[in-house]
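Q: Fold the following.
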Amino acid sequence: MEKFKDIFTQTSKQEEELSKKDIKKLKLFEAIPQENQGGDCYEQALHYFQRDTGSTLVHGLVNGQGALEGILYNHAWCEKGSKIIDMTLPKDVQKSLDINLYYAIGGIQTTYKYNRKEAMEKLNEYGTYGPWEDKLISNKY
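A: Take a look at the predicted model:
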């Protein structure tokens with residue numbers, strides 16, 4: 001919880017624009033439902049990506065929160081405009097998180113973004129939902 005406190009006490013314009021609703025959504029990162037903790041983010045992200053032709057598939061490294069604090073782990077999600085679609089989150093926030101907020105809270109610095117052609121090529125090449133990049137493949141989390 002201290003990480004959230006530190007983020008919200010900063011005075012940059014972006015943090016000042018966060019609404020109470022956004023702050024509530026952030027707290028949900030610590031309460032990911034048990035059924036979404038099975039490590040199927042790559043599969044879920046790809047399935048969503050295949051259904052939503054306007055989205056971009058993203059694989060990246062995320063700084064853990066809560067029990068995963070201090071661990072840099074692999075994760076997959078989709079982006080559409082200024083929103084994040086993360087099917088591993090609770091249903092009420094899966095498709096409504098602001099992209100800047102998501103990146104800030106996750107401390108996301110490394111991402112690999114795929115369009116339809118690239119994703120299908122990688123899927124065929126690796127025979128798996130992901131990860132597909134050496135930096136992610138070599139990460140043990």
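Q: all strands for this protein, in order.
A: 56-63, 72-80, 83-85, 97-98, 110-114 (DSSP state E).
Q: Low-confidence bits of the protein, can you list those?
A: 1-38, 67 (pLDDT under 70).
Q: circling back: for the strands of the chain, give me a markdown table that also has distance to E43 and mean neighbour count.
A: Every C-beta, even on glycine, is put in place using the N, C-alpha and C of the backbone. Shown next, in a markdown table, are the strands of the chain (distance: least, Cβ to Cβ, whole Å; neighbours: other Cβ atoms under 10 Å):
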| stretch | distance to E43 | mean neighbour count |
| --- | --- | --- |
| strand 56-63 | 12 | 22 |
| strand 72-80 | 8 | 21 |
| strand 83-85 | 14 | 20 |
| strand 97-98 | 20 | 20 |
| strand 110-114 | 15 | 17 |
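Q: out of the ones you listed, nearest to Y42?
A: Y42 sits nearest to strand 72-80 of all the strands of the chain, at 4.4 Å, using Cβ to Cβ.
Q: Quick one: list the elements packing against the closest one.
A: With contacts taken as 3 or more Cβ pairs under 8 Å, 6 or more residues apart in numbering; DSSP states H and E, strand 72-80 sits against helix 41-51, strand 56-63, strand 83-85, helix 99-106.
Q: which residues are contacting it?
A: Strand 72-80 is contacted by residues 41-42, 44-46, 48-49, 52, 54-64, 84-88, 99, 102, 106, 113, 129-131, 136, 139, 141 when judged by Cβ atoms under 8 Å, 6 or more residues apart in numbering.
Q: returning to that earlier point: save the strands of the chain as CSV, and put in distance to K122 too.
A: Listed next are the strands of the chain as CSV, based on distance: least, Cβ to Cβ, whole Å:
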stretch, distance to K122
strand 56-63, 9
strand 72-80, 12
strand 83-85, 19
strand 97-98, 25
strand 110-114, 7
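Q: and the end-to-end length of stretch 101-121?
A: 30 Å (Cα to Cα, to the nearest Å).
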